[in-house]
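*Asks:* Show me how the following folds:
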Amino acid sequence: MNEIPKVFWSVPAPELLRRLNTSPQGLTHERLSQFGENRLKPQKELNTLTFLFLNLKTLLFSSSFFVAP
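*Replies:* Here you go, the predicted model:
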């Protein structure tokens with residue numbers, strides 16, 4: 001495979017698609033089964049205690065910048 005230049009936006013789209021072995025339609029069935037769908041994992045919900053702890057930690061960390069040495 002040819003090396004993609006640093007300024008990839010200067011390469012015509014058909015040439016770039018060829019170099020990346022892809023198409024405008026996205027992943028082929030073969031690559032889709034190999035890599036899976038491009039989906040984000042759902043975020044876990046924070047319980048109240050974890051939420052309060054994270055906010056307290058942020059407050060303590062940010063207030064440490066204003067404490068005199």
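*Asks:* Distance-wise, check the one residue sitting closest to the centre of the chain relative to residue 31.
*Replies:* Note on the chain: the residue nearest the mean C-alpha position is residue 40, at 9.0 Å, using Cα atoms, centre = their mean. Using Cβ to Cβ, to the nearest Å, residue 40 is found at 19 Å from residue 31. Bear in mind the C-beta positions are built from the backbone N, C-alpha and C, glycine included.
*Asks:* can you check residue 11 too?
*Replies:* For residue 11, the distance to residue 31 - Cβ to Cβ - is 21 Å.
*Asks:* These two - which one has more neighbours?
*Replies:* residue 11 (15 against 12; other Cβ atoms under 10 Å).
*Asks:* how about that one, phi and psi?
*Replies:* phi -90, psi 130 (degrees, to the nearest 10).
*Asks:* Any figure for the gap between it and residue 35?
*Replies:* Residue 11 is 23 Å from residue 35, by Cβ to Cβ.
*Asks:* Longest helix of this protein, counting residues only.
*Replies:* Longest helix of the chain, by residue count under DSSP state H: helix 48-63.
*Asks:* Mind exporting the C-alpha coordinates of that helix to CSV?
*Replies:* C-alpha atoms of helix 48-63 as CSV (Å, rounded to 0.1, in the frame of the first residue of the first chain):
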residue,chain,number,x,y,z
THR,A,48,-25.5,10.1,43.8
LEU,A,49,-22.6,9.1,46.0
THR,A,50,-20.2,8.8,43.0
PHE,A,51,-21.4,12.1,41.6
LEU,A,52,-20.8,13.9,44.9
PHE,A,53,-17.4,12.4,45.3
LEU,A,54,-16.3,13.4,41.8
ASN,A,55,-17.5,16.9,42.3
LEU,A,56,-15.8,17.2,45.7
LYS,A,57,-12.6,15.9,44.2
THR,A,58,-12.8,18.5,41.4
LEU,A,59,-13.4,21.2,44.0
LEU,A,60,-10.5,20.2,46.1
PHE,A,61,-8.2,19.9,43.1
SER,A,62,-9.1,23.3,41.7
SER,A,63,-8.9,25.0,45.1
